[in-house]
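>>> sharing a model that was predicted from the sequence below.
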Amino acid sequence: ERIDYLEKLLGDSADKHFEELQALKSAHAKHADSLARQGKDAGAALAQHASVAERIAYLEKLLGDSADKHAQELDALRTAHDMHAKELSSYKEAHNKLSSESKAQSARHMSTAERLDLLESRLKHCFSA
């Protein structure tokens with residue numbers, strides 16, 4: 001009777017442990033499948049993202065292109081500025097030349113009052129003689 005009791009107790013215990021072991025194996029398989037799926041999803045997500053080195057290389061290229069563009073624009077502005085400065089200088093020279101010619105022309109001509117005085121003196125001379 002004692003042996004039967006022990007056998008029954010051990011059998012029940014072994015059956016219970018076997019059921020728990022099967023439940024654990026089932027849960028483990030379920031988690032392993034879930035982890036494998038998540039790993040594939042994470043791998044796909046990481047594959048879509050650029051690495052830090054790629055991102056830095058892109059930013060450096062973008063900034064380099066922008067700096068080159070700005071340098072070219074600055075050179076173009078400097079060239080245009082130099083051209084405008086030369087034109088302004090030539091306009092100043094032309095203005096000074098015209099101004100001096102105008103002054104010389106004015107010096108060669110008598111004013112209206114001087115011309116009237118000359119005409120009056122000649123007419124006086126003609127009529128007084």
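Here it is on my side, so go on.

>>> all contacts plus neighbour counts: C-alpha atoms, from now on.
Will do.

>>> so where does the residue nearest in space to the middle of the chain fall, helix or strand?
The geometric centre of the chain, computed from its C-alpha atoms, lies nearest to Ser66 (CA atoms, centre = their mean), at 5.3 Å. Element membership for Ser66 (DSSP states H and E) is helix 52-108.

>>> how far does that helix sit from the chain's center?
23 Å (CA atoms, centre = their mean, to the nearest Å).

>>> secondary structure class for Met110?
coil (DSSP: H, G, I helix; E, B strand; the rest coil).

>>> mind pulling the model confidence for it?
As predicted, Met110 sits at a pLDDT of 72.

>>> next, count neighbours for Leu118.
Counted with other CA atoms under 10 Å, residues neighbouring Leu118 total 13.

>>> can you check Tyr58 too?
13.

>>> can you pull the pLDDT of it?
So, for Tyr58, pLDDT stands at 86.

>>> and it, how close does it get to Val52?
Going from Tyr58 to Val52 by CA to CA, to the nearest Å gives 10 Å.

>>> and stretch 27-42, how far from the chain's centre?
45 Å.

>>> buried ones in it, by neighbour count?
Judged by neighbour count (16 or more other CA atoms under 10 Å), stretch 27-42 contains no buried residues.

>>> got the CA coordinates for that stretch in PDB?
The C-alpha coordinates for stretch 27-42 follow below in PDB (Å, rounded to 0.1, in the frame of the first residue of the first chain):
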ATOM      1  CA  ALA A  27       6.300  28.900 -24.800                       C
ATOM      2  CA  HIS A  28      10.000  28.800 -25.700                       C
ATOM      3  CA  ALA A  29       9.300  27.900 -29.400                       C
ATOM      4  CA  LYS A  30       6.700  30.700 -29.500                       C
ATOM      5  CA  HIS A  31       9.200  33.300 -28.100                       C
ATOM      6  CA  ALA A  32      12.000  32.000 -30.500                       C
ATOM      7  CA  ASP A  33       9.700  32.500 -33.500                       C
ATOM      8  CA  SER A  34       8.700  36.000 -32.300                       C
ATOM      9  CA  LEU A  35      12.300  36.900 -31.800                       C
ATOM     10  CA  ALA A  36      13.300  35.700 -35.200                       C
ATOM     11  CA  ARG A  37      10.500  37.700 -36.800                       C
ATOM     12  CA  GLN A  38      11.500  40.800 -34.900                       C
ATOM     13  CA  GLY A  39      15.100  40.300 -35.800                       C
ATOM     14  CA  LYS A  40      14.300  40.200 -39.400                       C
ATOM     15  CA  ASP A  41      12.100  43.300 -39.100                       C
ATOM     16  CA  ALA A  42      14.800  45.100 -37.200                       C
END
